[in-house]
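1. generate a structure from the sequence data that follows.
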Amino acid sequence: MSQTAGSGKRDRCPACAEGRKHTDPELKQYHSKRWEFEEATRGLNFTKDFNPALEAIMRDRLATSGERVMAWCKRSAWGKHSLYCIKDNGEPAFQVDCATELRIDKRRVSDTIRYYAARGYLEMRGPAKLLYPVISPRLVGPSNLEEKSEEYRMFLESWKVAHSTEFSELEVALSTVKRIREVLLSDYKQWRALRTKSGANKGRDSESSDNLASSPSSPSSPPLEDLFEHMVAIARDQRSSLGLESPMSKPSKTSRRWRNDAPLVWASRTSAT
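-> Numbering: from 1, shown residues only. The predicted structure is shown next:
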């Protein structure tokens, strides 16, 4: 016997060592998964779905993804006397293991698992999302009132048989559309929140710019060109008072005008603003 995870208890099991049928206490003590499986299915009628038949569906490239994934779930769980999917060493088997073994894109496997879970054929339990095929499914019916009519159900049953491949693909496609719609709605909410926040910041920046533009200029700050000409006029007056002014450098009429009336000009400009 190969030494794998969980094989220690099996090595100590008297029934395994003697090659006989297990008693309930032995199952409970040495094979907890098998005991849980027997307890959950005790008294239920069943038809044997042999492991080679399930494995054939798993390998069938002409079968739909839904058929192959569901066959894998049953083979990995019930085919190993476990309520949830496990590997040969007893460790849990997950969607990635299904995708690897069946060589199906993991996104398609995820969509298929989600669809069968929504319909009631599978359950994903616990933080690890262990895969539990449902022993007694309670199917979730269609929400469309027309699809609930007896006439439509009769048609659908016959159509499913005649177009089994298309129907399985339709189920997987509907699950994909539902998932994408959820992603689209989530992205829209994030986009709207960012847009609202950006608009609020833009409004505050615009208000600050308006306040800055509308603030009055200082009355003591004349235009630079006016200030320059006024300083030139003052310098010329100083040269004249010191006797440094030559006949050729007498102040022009423009300089006298700035010397005499510049304060009045500034005052009038200040009052105008």
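
2. mind listing what the residue nearest to residue 129 when sequence neighbours are not counted touches?
-> Leaving aside its chain neighbours, residue 129 sits nearest to residue 94 (7.3 Å; criterion: Cβ to Cβ, 6 or more residues apart in numbering). The way it works is simple: take the backbone N, C-alpha and C, and place the C-beta from them, glycine included. By Cβ atoms under 8 Å, 6 or more residues apart in numbering, the residues touching residue 94 are 85, 128-131.

3. by neighbours, which of those wins?
-> With neighbours taken as other Cβ atoms under 10 Å, the top of these is residue 131, carrying 27 neighbours.

4. could you double-check that that one sits in contact with residue 78?
-> No: look at residue 131 against residue 78 with Cβ atoms under 8 Å: they stay out of range, at 11.6 Å.

5. can you pull out the low-pLDDT segments for the protein?
-> Across the chain, residues meeting the criterion (pLDDT under 70) sit at 1-11, 140-149, 200-273.

6. in it, which spans are strands?
-> Taking DSSP state E as the criterion, the chain contains strands spanning 122-125, 130-133.

7. among the ones you listed, which is the most enclosed?
-> Compared across the strands of the chain, strand 130-133 shows the largest average neighbour count, a mean of 21 (mean count of other Cβ atoms under 10 Å).

8. partners of that one in the sheet?
-> Take DSSP bridges as the rule and strand 130-133 pairs in its sheet with strand 122-125 (antiparallel).

9. just the C-alphas of the strand it pairs with, formatted as PDB.
-> Output of strand 122-125 as PDB, limited to C-alpha atoms (Å, rounded to 0.1, in the frame of the first residue of the first chain):
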ATOM      1  CA  LEU A 122     -23.500  21.500  -6.300                       C
ATOM      2  CA  GLU A 123     -22.600  23.300  -3.200                       C
ATOM      3  CA  MET A 124     -19.400  25.100  -2.300                       C
ATOM      4  CA  ARG A 125     -18.900  25.000   1.400                       C
END
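
10. domains of the chain?
-> Per the record, the chain has its domains at 48-191, 224-272, by automatic domain parsing.

11. endpoint to endpoint, the longest one covers what distance?
-> By that I understand domain 48-191. Terminal residues of domain 48-191 lie 53 Å apart, using Cα to Cα, to the nearest Å.

12. what comes up buried for stretch 107-118?
-> 108-117 (16 or more other Cβ atoms under 10 Å).

13. do stretch 45-56 as well
-> residue 54.

14. quote the end-to-end distance of it.
-> Start-to-end, stretch 45-56 (Cα to Cα) is 24 Å.

15. circling back to that earlier point, tell me which two of the buried residues of stretch 107-118 sit farthest apart.
-> 108 and 117 (14.8 Å; Cβ to Cβ).

16. so what's residue 70 up against?
-> Contacts of residue 70 (Cβ under 8 Å, 6+ apart): 112, 116, 121, 133.

17. that older thread, let's have the buried residues of stretch 107-118 in TSV, adding distance to residue 151.
-> Below are the buried residues of stretch 107-118 laid out as TSV (distance: Cβ to Cβ, whole Å):
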residue	distance to residue 151
108	33
109	35
110	35
111	30
112	29
113	32
114	30
115	25
116	27
117	29
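
18. of these, which belong to helices?
-> Judged by DSSP state H, helices contain the following of the buried residues of stretch 107-118: 108-117.

19. just the closest of the buried residues of stretch 107-118 to residue 57, please.
-> residue 112 (13.6 Å).

20. number of residues surrounding the residue nearest to that closest one when sequence neighbours are not counted?
-> Excluding the flanking residues, the one nearest residue 112 by Cβ to Cβ, 6+ apart is residue 69, at 4.6 Å. Residue 69 has 29 neighbours, counted by other Cβ under 10 Å.

21. wait, residue 69 touches residue 97, no?
-> No: at 11.5 Å, residue 69 does not count as touching residue 97 under the criterion of Cβ under 8 Å.

22. quick check: residue 114 touching residue 177?
-> No: the criterion here is Cβ under 8 Å, and residue 114 misses it with residue 177 at 11.5 Å.

23. longest helix in the chain, please.
-> helix 164-214.

24. what packs against that helix?
-> helix 65-76, helix 106-119 (3 or more Cβ pairs under 8 Å, 6 or more residues apart in numbering; DSSP states H and E).

25. let's have the ones you listed in JSON lines, adding distance to residue 54.
-> Below are the helices and strands packed on helix 164-214 laid out as JSON lines (distance: least, Cβ to Cβ, whole Å):
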{"stretch": "helix 65-76", "distance to residue 54": "4"}
{"stretch": "helix 106-119", "distance to residue 54": "15"}
